[in-house]
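Asks: Dropping the sequence and predicted coords here.
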Amino acid sequence: MCVLFVAYGRNRLLLLWAAAFGIHSVSYILVAARGYIPDFISIVIANTLIASMIGLYIEGITRFNEKLIHPAIIWSPVAAIFVSYWLFIANFDVRVAIGSVVSALQAAVLLWVVLRGFKERSGRGKWILLAATLLSVAMFIFRGGVAIFGSTAISTMSGLAIVPMVVSVGAMVVLIMFAFGLVVIFKERAEQANLELALKDPLTQLGNRRLLEMELGVALNAHSKGGEIGAVLMLDLDHFKPLNDRYGHGYGDQLLKEVAFRIKESVKADDVVVRLGGDEFVVLVTDLGLEAQEARSKAAVVANRILNEIARPLAFLPFGNEQNYNEPHEFKFSCSIGVALYIDKNSERDSLLKRADQAMYAAKKAGRNRVAFSGE
């Protein structure tokens with residue numbers, strides 16, 4: 001009810017989980033009421049609801065991980081339980097055999113979807129969800145084993161018999177663990193989203209200055225321990241302001257997004273690319289080797305690749321009410337890049353950025369559209 005109250009009108013995924021929790025509760029209440037209510041409800045409906053509960057858990061986890069599977073995998077076991085339990089309501093052994101197989105398949109799928117997104121998610125919520133899944137699987141095994149080897153105990157689901165007590169307590173624990181794990185995971189996801197927003201430039205979706213400071217601190221710390229040389233590339237577009245003033249911020253924003261894309265395409269996936277602001281970008285390149293000359297050569301290759309990539313002409317369609325709407329504007333632009341290597345194990349973040357900035361201005365003074373290294 002709490003999840004339903006929070007989710008109603010706000011979050012469809014949470015509504016799905018609220019339905020799963022509700023069915024979870026109702027299904028085990030019906031199982032526990034065996035002997036007080038008609039067998040069709042306590043056997044057919046109750047076990048169908050249990051299968052539906054697992055189906056909703058599977059679908060909820062797949063939607064949460066954004067890794068959907070075919071609906072038939074989720075819901076065909078539910079249909080199989082309903083039909084078989086209805087047809088064989090008077091045949092205990094057949095019901096148990098079919099129910100055990102279907103439950104085992106559902107438990108395997110549930111465990112698979114949990115483990116499939118396990119490595120990709122950090123935090124403690126995933127461990128709670130995994131523990132709830134394992135406990136749920138254990139309950140299926142327990143119920144199946146008792147049903148096969150102790151039919152009398154399982155068929156009398158009333159009073160204080162040990163089987164209904166274990167099943168009921170297990171059901172409550174699983175429900176609480178799934179609910180608590182879900183809350184923790186949603187909280188962790190929200191915190192991660194807030195962190196990403198705090199570390200991203202909203203226009204280009206690159207990192208921002210805060211991310212650069214964090215990553216540069218990590219890189220320098222690793223350098224001081226292992227000696228692996230890296231480089232900071234400070235990049236500034238040439239004559240960006242006149243272009244922005246002439247054509248407007250719409251074109252300027254498109255240009256900055258394209259530059260961000262071209263820089264990302266020019267470096268390795270683990271290199272850090274950030275936008276400091278305006279038309280100024282920084283690339284942090286790591287693992288350039290242990291020798292200064294080798295590191296300089298590798299950094300020059302990366303810088304010149306970026307330089308050549310940005311120099312390629314870019315065509316934009318006109319905006320809004322401009323004339324010749326179908327005729328694209330072609331922009332030719334360039335950039336100046338300053339490179340500062342961190343070779344000394346006592347290199348400091350601020351001095352490194354300052355040296356890269358000075359090298360970048362040296363490149364501009366030398367005629368723009370070129371690469372300059374700090375200290376040269």
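Replies: Received it, and whenever you're ready, just let me know what you need.
Asks: Run a quick neighbour tally on Ile98.
Replies: 18 (other C-beta atoms under 10 Å). Quick note: C-beta positions are derived from backbone N, CA and C, even for glycine.
Asks: For it, give its distance to Ile23.
Replies: 20 Å (C-beta to C-beta, to the nearest Å).
Asks: what's the answer for Gly9, then?
Replies: For Gly9 relative to Ile23 (C-beta to C-beta), the value is 21 Å.
Asks: neighbour-wise, which of the two wins?
Replies: Ile23 (20 against 7).
Asks: what pLDDT does the residue lying closest to Leu220 once chain neighbours are set aside get?
Replies: Spatially, and ignoring its direct neighbours in sequence, Leu220 is nearest to Ser347 (5.8 Å; C-beta to C-beta, 6 or more residues apart in numbering). Predicted confidence (pLDDT) for Ser347: 72.
Asks: Got the phi and psi for Val274?
Replies: Backbone geometry at Val274, expressed as degrees, to the nearest 10, gives phi -130, psi 160.
Asks: For Phe142, the count of nearby residues, please.
Replies: 14.
Asks: and if you look at Leu111?
Replies: 16.
Asks: and Asn308, what helix or strand is that in?
Replies: helix 292-310 (DSSP states H and E).
Asks: Give me the domain ranges for the chain.
Replies: Using automatic domain parsing, the domain ranges for the chain come out as 2-198, 209-373.
Asks: how distant is the last one from the center of its chain?
Replies: A distance of 27 Å separates the C-alpha centroid of domain 209-373 from that of its chain, computed with C-alpha atoms, centre = their mean, to the nearest Å.
Asks: same deal with the longest one?
Replies: Distance of domain 2-198 from the chain centroid (C-alpha atoms, centre = their mean) equals 24 Å.
Asks: List the contacts of the residue lying closest to Trp75 once chain neighbours are set aside.
Replies: Of all residues beyond its chain neighbours, the one nearest Trp75 is Gly55 (5.7 Å), with distances taken as C-beta to C-beta, 6+ apart. For Gly55, the contacting residues are Ile74, Trp75, Pro77, Val78, Gln106, by C-beta atoms under 8 Å, 6 or more residues apart in numbering.
Asks: So Gly55 versus Ile61, what's the distance?
Replies: 11 Å.
Asks: Could you check how far Ile229 is from Arg296?
Replies: Distance from Ile229 to Arg296, by C-beta to C-beta: 9 Å.
Asks: Test my guess that Val274 contacts Val282.
Replies: Yes. The criterion here is C-beta atoms under 8 Å, and Val274 meets it with Val282 at 5.1 Å.
Asks: how about Val232, phi and psi?
Replies: According to degrees, to the nearest 10, Val232 has phi -110, psi 120.
Asks: Output the lowest mean pLDDT helix or strand found in this structure.
Replies: Lowest on mean pLDDT, DSSP states H and E among the helices and strands of the chain sits helix 151-155, with a mean of 47.
Asks: where do the contact lists of Val274 and Val282 overlap?
Replies: Joint contacts of Val274 and Val282 (C-beta under 8 Å, 6+ apart) are Leu212.
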